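>>> 3D, please:
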Amino acid sequence: MENSTISADYYQTTDYDYGDASPCQKTEVRAFEAKLLPPLYSLVFIIGLVGNILVVLVLIQYKRLKSMTSIYLLNLAISDLLFLFTLPFWIDYKVKDNWVFGDAMCKFLSGLYDLGLYSEIFFIILLTVDRYLAIVHVVFALRARTVTFGIISSILIWLLAMLASLPGFYFSKTQWEFTRHTCSPHFHHRSSSQWKQFQALKLNILGLVLPLLVMTVCYTGIIKMLFKRPNEKKAKAVHLICAIMIIFFLFWTPYNLIVFVSAFQGVFLADNCEQSKQLDLAIQVTEVIANTHCCVNPVIYAFVGERFRKHLSRLCHRLLASRPAKRLPFLSRMRLESRTSSITPSTGEHELSAGF
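Here you go, the predicted model:
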């Protein structure tokens, strides 16, 4: 996530922002972080890790990545896992109120955090466009929606996400402040506010305006097409991607807007220490909501995607039965006979008929 209070404190002002004579002390803000964030993000880490690993296993085991949609969904889960990988380090940082992992890890984890967010945004956009082409431009989609194009476009998306996250890799570093080491971005003193504003604008344009524009255009076209030619199977196919998009906006919009107001504090609010503290607390509360997104997508799959629930049930049954089967070989033969008897002819691209 761009300029996170957890990962790099990009938008939180420091103790020195209001002059050396009377520094803006924010010990209560850090105390709030230490109490609120570690338990919440420990829960997010556990749920998100289990959920997204199950999504990856289901996609690889049963979907076989034979469609562009499956490739995008896999990359979306990987984006969430990248974000989750950084969480234990930020939890430790907030518990100890001290960065102990060194400068290189500060840069790497801050950039990786941003990479996870931007890649998720871009893959949600790709999934929306994918649904639009599959339903509105069917003939063109037959030629364009290939596995090869899915792989090529995914590589390009990762390159774009890397480009968007470069400031996190470059500017983040450790610094000694009073009695502790911090991990945060450090811009040139004369351009510090301009960089913060640039980062806030980038986050809101790429994370709010662009996805909203794409969603509006694509789903307007999809709804028009479904009104002209009602199709229950295609309507179900839209539910999954639509749910992912709507949840993303509900979780991230408050944070994006607060970050924007914080970066332009002098324009919208009084530029003083008390207002800065209030904005920092608002950022933390909205960020708690926003960062739970990484464990929400698997829940959406489970509730919206009928085929996903079936595949997940099969996967869990297979994992739970694997150990007894090693001891009782006849169980393996029974499962093989059961699977053989239940195979049905392919009916085309399954995610169009069942939402996943």
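
>>> from residue 288, how far off is residue 258?
Note on residue 258: its distance to residue 288, by Cβ to Cβ, to the nearest Å, is 12 Å. Every C-beta, even on glycine, is put in place using the N, C-alpha and C of the backbone.

>>> the two - which one has more neighbours?
In this view residue 258 and residue 288 are compared by other Cβ atoms under 10 Å, and residue 258 has more residues nearby, 22 against 17.

>>> which residues are in contact with the more buried one?
279, 282-283, 286 (Cβ atoms under 8 Å, 6 or more residues apart in numbering).

>>> same thing but 6 Å
The contact partners of residue 258, by Cβ atoms under 6 Å, 6 or more residues apart in numbering, come to 282-283, 286.

>>> again with residue 290
251-252, 255.

>>> between these, which sits nearest residue 30?
residue 255 (19.1 Å; Cβ to Cβ).

>>> quick check: phi and psi at the closest one.
Backbone torsions of residue 255, given as degrees, to the nearest 10, read phi -60, psi -50.

>>> residue ranges of the helices in the stretch 151-300 of the chain, please?
With DSSP state H, counting those that start in this stretch as the criterion, the stretch 151-300 of the chain has helices at 166-171, 192-204, 210-228, 232-263, 265-268, 273-291, 297-304.

>>> low-confidence ranges, the protein, go.
Where the chain drops to pLDDT under 70, the residues are 1-29, 63, 188-191, 232-237, 240, 266-272, 301-306, 322-356.

>>> narrow the contacts of residue 258 to those that are buried.
Burial of these was assessed by neighbour count (16 or more other Cβ atoms under 10 Å); the buried members are 282-283, 286.

>>> before we move on, the earlier item: of the contacts of residue 290 - the most surrounded one?
When the contacts of residue 290 are compared by neighbour count (other Cβ under 10 Å), residue 255 ends up highest, at 27 neighbours.

>>> how many residues are close by residue 318?
By the other Cβ under 10 Å criterion, the neighbourhood of residue 318 contains 14 residues.

>>> quick check: bridge partners of residue 174?
Here residue 174 sits in beta bridges with residue 183, going by DSSP bridges.

>>> contacts only, for it.
If a contact means Cβ under 6 Å, 6+ apart, then residue 174 has 99, 103, 106, 181, 183 as its contacts.

>>> which of the residues you listed are buried? Put it as a PyMOL command.
Once 16+ other Cβ under 10 Å is used to decide burial, the buried members of the contacts of residue 174 can be selected in PyMOL as follows:
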select buried, resi 99+106+181+183
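
>>> distance to residue 147 for the contacts of residue 174 - can I get that in CSV?
Written out in CSV, the entries for these read as follows (distance: Cβ to Cβ, whole Å):
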residue, distance to residue 147
99, 43
103, 41
106, 38
181, 47
183, 40
